[in-house]
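Engineer: Dropping the sequence and predicted coords here.
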Amino acid sequence: MPHDSVQATSLRLLAVLRHSASAPHLAMAAEALREAAERAGLLLTLDLPDAPARDAEAAAVLLVGDATADAARHAGRPLIATTIVEAIRHPEASLRSAAALARLPRPATPAPREATPAVPAAAAAGPAGSRRLVGITACPTGIAHTFMAAAALEKAAKALGYEMRVETQGSVGAKNALTDSEIAEADAVVIAADTGVDTARFAGKRIVIAGTGDALKDGQGLINRALAAEPMGGAARGEAAPTPRKAQAPGVYKHLMTGVSYMIPLVTAGGLCIALSFAFGIEAFKEPGSLPAALFQIGAQSALALMVPVLAAFIAFSIADRPGLAPGFVGGALANAVGAGFLGGIVAGFLAGYIARFLRDRLPFPESLEGLKPVLVIPLLASLATGLLMIYVLGTPIAAALAWLTQFLQGMGTSNAVLLGLLLGAMMAVDMGGPVNKAAYAFGVGLLGAETFAPMAAIMAAGMTPPLGIAVATLIARGRFSQEERDAGKASAVLGLAFITEGAIPFAAKDPVRVIPALVAGSAVAGGLSMLFGCTLRAPHGGIFVVGIPGAVGNPLGYLIAILAGTAVTALAVAVLKRHSPVAAAA
């Protein structure tokens, strides 16, 4: 643990350890706390059954295990309690909480105090007058909403007189990562995420969890909710601690999007490797030892083979944290084995996650053996339950349903295909990266594993046209936009080419009644034409740039025509519907 993670090098702490059930566990806890204190530069006195000790200068007392029964003799000093297991597994967190409690202002006449729960409510706020906040933003693709939400929160915090650091969990991993000291000093934590986020490191803090859309719409309101929240209870076993249900993003959607977000890179890499293989000839991969065969093996037999297990595993992870990973991977692999595909992966993920969470939270277990639950008991029981249900109960009907859906989509007539394209296209523009948009996107990504590529082409074409159409509208109808909006239109064009639909959000937010219908019309046209022309797409992202990859796009000319047509409809509709800008007129 870094020396600045506690910022309490001058503090003296007393740790009282008692544990009649297991002397070895008591010794392990004492050693863990002693080493953690040395790393942090803390002055720690250990009070053990065979070596009782007192420290009159200790600023706070940490009661470990059964020591809470004798809390009265430490009356008059700040007390905090934790378990033996928590002291062994997370000694730094226990000491950090005790140090934070010791830093709080104390009344002039100390009164006897009772031990607080495992992680004290007092640690929820940082030092008096700090006015500091921390946060995390994340979205399924981790490209636009993640960083837009972070910017919105930082702006809202500044308006409220707070300093704020936001960790962005984007497509390239965590950026601006929060440190232990920043978390300890923060008055509250704001998590704006459409995917699962591990909250274990925020135990004892005031916290609110919502979606990225909430941060974009009302960042100040979200921060005020966090500041008014009750401190979050500690996660005794390292899992994500529960938060009030009303503060969370919709559960099923969040869990599904977490799985999709981890699956997307595999689908992208696998699909493009297969496309590169086909560039040498549709059947070139059948030649053993050839480069096309190697590309096909990488794409189809490796990357795409992992798609469903990863989807299931991270759906389960979002539900049950780390205990859900093993049964999720097992359930996803079995979904592949029985032919249930991505539908089976979704079912297996939810099944594994809820089974693992039930076992984690409800299975009674002796405290001395608590450490076996996450590494032995939960993986075994949850994997058995999920696997047996997938093999004997759910796998066959889900495989039949997937086969029917695949056959239906591949056998659609022209009119039905166009209607599907219109629907998917409209969904991509109606909320520009929100739940409806992501539902359509997840549908297309899932079908890639079933070798159904036309819906994905319609979805990406429709997702590109809103920002592209807005950019064109700022050129052909300049009087309807301010100079600031015209400048933003140039950035919107770049975002549209990269398939970042969120580039249209600032324009839609200012005039939703007129702009959103125009965006929906253009995207519906793009999606419908893409299906009409029989366009296909093997990669779930990349925008216009994947058109140049041989084999990635089927009927690339028709695909470009669909995008141009959708862009033109959006631009003309915006130009007709949007009123003249007073600022532009004045200029």
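Structural biologist: Now that the structure is in, tell me what you want to look at.
Engineer: quick one: Leu44 is in a strand?
Structural biologist: Yes: Leu44: assigned to a strand according to DSSP: H, G, I helix; E, B strand; the rest coil.
Engineer: Helix, strand or coil: sort out the closest residue to it other than its chain neighbours for me.
Structural biologist: In this structure, Leu44 finds its nearest non-sequential neighbour in Ala37, 3.7 Å apart by Cβ to Cβ, 6 or more residues apart in numbering. Using the backbone N, CA and C atoms, a C-beta is placed for each residue, glycine as well. Put simply, Ala37 is helix when judged by three-state DSSP.
Engineer: okay but Ala37 is in contact with Thr45, surely?
Structural biologist: No: the criterion here is Cβ atoms under 8 Å, and Ala37 misses it with Thr45 at 9.5 Å.
Engineer: elements contacting whichever strand or helix holds Gln407?
Structural biologist: Using DSSP states H and E, Gln407 sits in helix 395-410. Contact analysis of helix 395-410 by 3 or more Cβ pairs under 8 Å, 6 or more residues apart in numbering; DSSP states H and E lists helix 325-337, helix 341-362 as its packing neighbours.
Engineer: With respect to Gly204, which of those helices lies nearest?
Structural biologist: Smallest distance to Gly204 across the helices and strands packed on helix 395-410 (Cβ to Cβ): 19.4 Å, for helix 341-362.
Engineer: same for the very next helix or strand once past that closest one, what does it pack against?
Structural biologist: Counting by DSSP H and E, the next helix or strand C-terminal to helix 341-362 is helix 372. With contacts defined as 3+ Cβ pairs under 8 Å, 6+ apart, helix 372 has no packing partner among the helices and strands.
Engineer: after helix 372 comes which helix or strand?
Structural biologist: Once helix 372 ends, the next helix or strand along the chain (criterion: DSSP H and E) is helix 378-389.
Engineer: what sits up against that following helix?
Structural biologist: The contact list for helix 378-389 (Cβ atoms under 8 Å, 6 or more residues apart in numbering) reads 323-324, 326-328, 330-331, 334, 348, 351-352, 355-356, 359-360, 363.
Engineer: So which of those sits lowest on pLDDT?
Structural biologist: The member of the contacts of helix 378-389 with the lowest pLDDT is Leu363, at 82.
Engineer: ok, back up a step: between which two of the contacts of helix 378-389 is the distance greatest?
Structural biologist: Leu334 and Leu363 (23.0 Å).
Engineer: So which of those two has more stuff around it?
Structural biologist: Leu334 (25 against 11; other Cβ atoms under 10 Å).
Engineer: isn't that one right up against Ala348?
Structural biologist: Yes: using Cβ under 8 Å, Leu334 is in contact with Ala348, at 6.8 Å.
Engineer: ok now do the spatially closest residue to Gly353 that is not a sequence neighbour, which residues does it touch?
Structural biologist: Spatial nearest neighbour of Gly353, chain neighbours left out: Ile319 (2.9 Å); criterion: Cβ to Cβ, 6+ apart. The contact partners of Ile319, by Cβ under 8 Å, 6+ apart, come to Gly196, His255, Gly349, Phe350, Gly353, Tyr354, Ala356, Arg357.
Engineer: With only the CA atoms kept, save the helix or strand just after the helix holding Gln407 in PDB.
Structural biologist: Proceeding N to C from helix 395-410, the next assigned helix or strand is helix 414-430, under DSSP H and E. The C-alpha trace of helix 414-430 is given here as PDB (Å, rounded to 0.1, in the frame of the first residue of the first chain):
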ATOM      1  CA  THR A 414     -37.100  -8.300 -49.500                       C
ATOM      2  CA  SER A 415     -40.000  -6.500 -47.900                       C
ATOM      3  CA  ASN A 416     -39.500  -8.100 -44.500                       C
ATOM      4  CA  ALA A 417     -35.800  -7.400 -44.700                       C
ATOM      5  CA  VAL A 418     -36.400  -3.700 -45.400                       C
ATOM      6  CA  LEU A 419     -38.900  -3.500 -42.600                       C
ATOM      7  CA  LEU A 420     -36.400  -5.000 -40.200                       C
ATOM      8  CA  GLY A 421     -33.800  -2.500 -41.400                       C
ATOM      9  CA  LEU A 422     -36.200   0.400 -40.900                       C
ATOM     10  CA  LEU A 423     -36.900  -0.700 -37.400                       C
ATOM     11  CA  LEU A 424     -33.300  -1.300 -36.400                       C
ATOM     12  CA  GLY A 425     -32.200   2.000 -38.000                       C
ATOM     13  CA  ALA A 426     -34.800   4.000 -36.100                       C
ATOM     14  CA  MET A 427     -33.800   2.300 -32.900                       C
ATOM     15  CA  MET A 428     -30.200   3.400 -33.400                       C
ATOM     16  CA  ALA A 429     -31.200   7.100 -33.600                       C
ATOM     17  CA  VAL A 430     -34.000   7.400 -31.100                       C
END
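Engineer: Report the mean confidence score over helix 414-430.
Structural biologist: Helix 414-430 shows a mean pLDDT of 90 in the predicted model.
Engineer: Run the chain-centre distance for it.
Structural biologist: Helix 414-430 sits 28 Å away from the centroid of its parent chain (Cα atoms, centre = their mean, to the nearest Å).
Engineer: The chain should start at 22 in everything you say after this.
Structural biologist: From this message on, residue numbering opens at 22, which makes the last subject helix 435-451.
Engineer: Can you give me the buried ones in it?
Structural biologist: 438-439, 441-451 (16 or more other Cβ atoms under 10 Å).
Engineer: tell me what that helix is packed against?
Structural biologist: Using 3+ Cβ pairs under 8 Å, 6+ apart: helix 435-451 touches helix 456-469, helix 475-497, helix 533-553.
Engineer: now do 10 Å
Structural biologist: If contacts are counted by 3 or more Cβ pairs under 10 Å, 6 or more residues apart in numbering; DSSP states H and E, helix 435-451 sits against helix 416-431, helix 456-469, helix 475-497, helix 533-553, helix 577-598.
Engineer: Secondary structure element for Glu52, which one?
Structural biologist: Here Glu52 is assigned to helix 44-61, by DSSP H and E.
Engineer: Please save the CA atoms from that helix in PDB.
Structural biologist: Taking C-alpha atoms only, helix 44-61 is exported to PDB below (Å, rounded to 0.1, in the frame of the first residue of the first chain):
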ATOM      1  CA  ALA A  44      -5.500 -19.700  16.700                       C
ATOM      2  CA  PRO A  45      -3.800 -19.900  13.200                       C
ATOM      3  CA  HIS A  46      -6.300 -17.500  11.700                       C
ATOM      4  CA  LEU A  47      -5.700 -15.100  14.700                       C
ATOM      5  CA  ALA A  48      -1.900 -15.200  14.000                       C
ATOM      6  CA  MET A  49      -2.400 -14.700  10.300                       C
ATOM      7  CA  ALA A  50      -4.600 -11.600  10.900                       C
ATOM      8  CA  ALA A  51      -2.000 -10.200  13.300                       C
ATOM      9  CA  GLU A  52       0.800 -10.700  10.900                       C
ATOM     10  CA  ALA A  53      -1.200  -9.200   8.000                       C
ATOM     11  CA  LEU A  54      -2.100  -6.000  10.000                       C
ATOM     12  CA  ARG A  55       1.500  -5.700  11.200                       C
ATOM     13  CA  GLU A  56       2.900  -5.800   7.700                       C
ATOM     14  CA  ALA A  57       0.300  -3.500   6.300                       C
ATOM     15  CA  ALA A  58       1.100  -1.000   9.000                       C
ATOM     16  CA  GLU A  59       4.800  -1.100   8.200                       C
ATOM     17  CA  ARG A  60       4.000  -0.500   4.500                       C
ATOM     18  CA  ALA A  61       1.800   2.500   5.400                       C
END
